[in-house]
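In: give me coordinates for this.
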Amino acid sequence: MTAATPHVPAGTHLLVTGGAGFIGSCYVRDVLARRDGTRITVLDKLTYAGNEANLAPLLADAEQAARLVFVRGDIADPAVVGPLVAEVDAVLNFAAESHVDRSILDPEAFLRTGVIGVHVLLEAIRREAARAAAGERARAPRFLQVSTDEVYGSVESGHSLEGDRLEPRSPYSAAKAAGELLVQSYFVTYGLDVVMTRGSNTYGPYQHPEKLIPLFVTNAIDDLALPLYGDGMQRRDWLYVSDHAGAIDFVLRHGEPGAVYNVPGSQELPNRTVVERLLGQLEKPWSLVRRVEDRPGHDRRYAMNGDRLGALGWSNRVGFDEGIAATVDWFLANEAWWRAVKSGDWDAYYGRQYGARLAGSTEAL
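Out: This next block holds a predicted model:
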C-alpha cells in the first residue's frame, strides 16, 4: 500500500478513545475541521484530565457536530468498547492517565487504563478481525496506540531509535511500555493491523494545568510561586500539540502494519529555559520561581530520532517560538477554561503534590 492509497482513507468512521483529553481533543478538532466526511465517535471516561469543554468548539459548528458522537465510558469495560469497535474503520487510543507525578501518587489507575484498557480494545478488534475473516465486514479496524518517549527512560546522550530497549522509570511510562508490548503481541500472534507512535513532550492550548507549561503560565498570571523541580536542567524535546495530532493521523493513514514511529519535537530545551521564555512573554519576574525537591526517578533527558517518520513523509509545522507564543496567548485569552479546571479537587491535589515542597523551597537563582 502506497502513500497514494492510505490504509485508512478520508471519510471513514473513527473511534477516538480519550478524545476529550489534551492531545485527543486536538486530534478530533483538527480532523473534523477538514470537512472530508470523516465521522468520529469519542469514548472518554471524563476523569480529571478529560474535559467536554475541549470539544465545545465542534458543537458550535453544525456540520462538524453532525459527524461527532460522544460516549462517556471506560476503555477497560468490554460491554462499552465492543459495540463501538464493531461500528468503526479504525481505533485511535489516546486514553491514558498521563501525568508522571500522579502515577507516583496513584499507580493503580495507570495500570487499569494503560494495560487493561489496551487489552480490552485489542480483544474487541480481534473479534472484528474474526468477523472480517467470516465475511461479515470488509476488514477489521486498524488500531493506533498513542505512546510516549518516556518508555525509553532517561537518554543521557544521542537520540532514541524505535528499536532501542524500553527502560521505563515511572509507573506511568511502565504502563505505557506494557501497553505497547501487548499491542505488538497481538500483531505477531493474531495478525492485527496495528501501528504505534511515541510522542515527545507535548504542549499547547487546552493542556491540563498539572503540566509544566500550563501550570507555570496560569500560576504566573496569578503571581503564584512556580515550583521548579531540582536545578531545572532536565531536557525535553518540545512538540506542539497540533503537530503531534497531525503526526498521529499521518501514521494512521500511512504507517506500516506493526511499526512504531517516534514523533520528536521541534526543539530540545532544559525546563529552566522554557520557564524563562514563559516569564518573558508574560512580563513576570524570575523571583516567582522556587526551587523545590525533585520528584523520584525524574528522567534527566528525553530525545528521539525521527528519521523513520520523516521517511514516511511527515515533518512538524510549528517551531517552539511560534508554538509557545500561541500557547501563552491562548491561556491569557481563555481564563474561564483554566480557572474551571483549577477548581474542585485541584487544591487538594496541588497541596499534596507541592505543599511540602514549596514549604521547603529555596530561591531559584
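In: quick one: pLDDT of the nearest residue to residue 294 once chain neighbours are set aside?
Out: Spatial nearest neighbour of residue 294, chain neighbours left out: residue 230 (3.8 Å); criterion: Cβ to Cβ, 6 or more residues apart in numbering. Heads up, the C-betas are built off the backbone N, CA and C, glycines and all. With respect to pLDDT, residue 230 scores 94.
In: so residue 230 sits against residue 291, correct?
Out: Yes. Using Cβ atoms under 8 Å, residue 230 is in contact with residue 291, at 7.2 Å.
In: which one of those two is surrounded by more residues?
Out: Between residue 230 and residue 291, residue 291 has the larger neighbour count (other Cβ atoms under 10 Å), namely 19 against 16.
In: after the worst-scoring helix or strand of the chain on mean pLDDT, which helix or strand is next?
Out: Counting by mean pLDDT, DSSP states H and E, the chain has its least confident helix or strand at helix 100-105, which shows a mean of 57. Next helix or strand after helix 100-105 toward the C-terminus (DSSP states H and E): helix 107-111.
In: in that following helix, what's buried?
Out: Judged by neighbour count using 16 or more other Cβ atoms under 10 Å, the buried positions of helix 107-111 are 110, 111.
In: and that helix, what does it pack against?
Out: Packed against helix 107-111 by the contact rule (3 or more Cβ pairs under 8 Å, 6 or more residues apart in numbering; DSSP states H and E) you find helix 100-105, helix 171-190.
In: ranking these by burial, who's on top?
Out: helix 171-190 (a mean of 20; mean count of other Cβ atoms under 10 Å).
In: packing partners for it?
Out: helix 100-105, helix 107-111, helix 117-133, strand 142-148, strand 194-199.
In: where exactly do the helices run in the stretch 201-350 of the chain?
Out: 212-221, 241-254, 271-282, 307-312, 320-333, 335-341, 346-350 (DSSP state H, counting those that start in this stretch).
In: please identify which of those is closest to residue 35.
Out: Across these, residue 35 has its closest neighbour in helix 241-254 (14.7 Å, Cβ to Cβ).
In: other residues contacting the closest one?
Out: Residues outside helix 241-254 that contact it (Cβ atoms under 8 Å, 6 or more residues apart in numbering) are 3, 6-9, 22-23, 26-27, 30-31, 90, 92, 142, 144, 146, 195, 197, 199, 202-207, 261, 263, 265-266, 309, 312-314, 316-318.
In: and the residue lying closest to residue 89 once chain neighbours are set aside, how far from residue 127?
Out: Using Cβ to Cβ, 6+ apart and skipping residues adjacent in sequence, the residue nearest residue 89 is residue 12, 4.0 Å away. Residue 12 sits 19 Å away from residue 127, going by Cβ to Cβ, to the nearest Å.
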